[in-house]
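Chemist: just need the structure, nothing else, for what follows:
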Amino acid sequence: MPRLENLARTFAAAGLLLAAAGCDARGGKPAPADAAADQTRTTFERNCAVCHGPRGEGKQLGTLNVPPLRAGAALTDPDEKLFKQIRDGGNGMPPSKYTLTDEQIQDLLRFVREEIQKK
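Modeler: Okay, here's the model as predicted:
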């Protein structure tokens, strides 16, 4: 029985550590920055990764050559130009202004710069 009790204590401690790792000091609620980052990642996966790939590698979709987000114009264009491309679309890219707010598009741009391009 002592082994079972030790095992139970170990699992209980591990569970508490895992729960604490996902919470901040405000009563167990997820940190707002983490929630926003998760939401932006989900927005990227639903709206961008379908064509640009999950890591922004780009790909061929039928006759459309979808450019990578880690090289070329996406890497070198200023934020304003990339924001406009995401919002207004063009060159085979659908506009996001009908489904995303400017704030969500700005968050996507930041996500691409920081997570995809590692800037």
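
Chemist: surely Gln60 touches Pro68?
Modeler: No: with contacts counted by Cβ atoms under 8 Å, Gln60 stays clear of Pro68, the gap being 11.6 Å. Every C-beta, even on glycine, is put in place using the N, C-alpha and C of the backbone.

Chemist: looking at the two now, which is surrounded by more residues?
Modeler: More crowded of Gln60 and Pro68, by other Cβ atoms under 10 Å: Pro68, with 18 against 8.

Chemist: retrieve the pLDDT associated with that one.
Modeler: The score at Pro68 is 96. That number is its pLDDT.

Chemist: so it belongs to a helix, correct?
Modeler: No: assigned with DSSP: H, G, I helix; E, B strand; the rest coil, Pro68 falls outside any helix and is coil.

Chemist: quick check: end-to-end length of stretch 104-119?
Modeler: 19 Å (Cα to Cα, to the nearest Å).

Chemist: mind listing residues that contact it?
Modeler: Contacts to stretch 104-119, defined as Cβ atoms under 8 Å, 6 or more residues apart in numbering, come from residues 36-37, 39-41, 43-44, 47-48, 55-56, 69-70, 74-75, 79, 82-83, 86-87, 96-97, 100.

Chemist: figure out how far it is from the centre of its chain.
Modeler: 8 Å (Cα atoms, centre = their mean, to the nearest Å).

Chemist: and that stretch, which residues are buried?
Modeler: Neighbour counts over stretch 104-119 (16 or more other Cβ atoms under 10 Å) mark 104-109, 111-113, 115-116 as buried.

Chemist: stretch 70-77 now?
Modeler: 70, 74-75.

Chemist: likewise for stretch 38-58?
Modeler: Here stretch 38-58 shows 40, 43-44, 47-49, 52-53, 56, 58 as buried, counting by 16+ other Cβ under 10 Å.

Chemist: what's the first-to-last distance across that stretch?
Modeler: 22 Å.

Chemist: now do the strands in the protein.
Modeler: 59-61, 64-66 (DSSP state E).

Chemist: now do the first one, average pLDDT.
Modeler: If you average the pLDDT over strand 59-61, you get 91.
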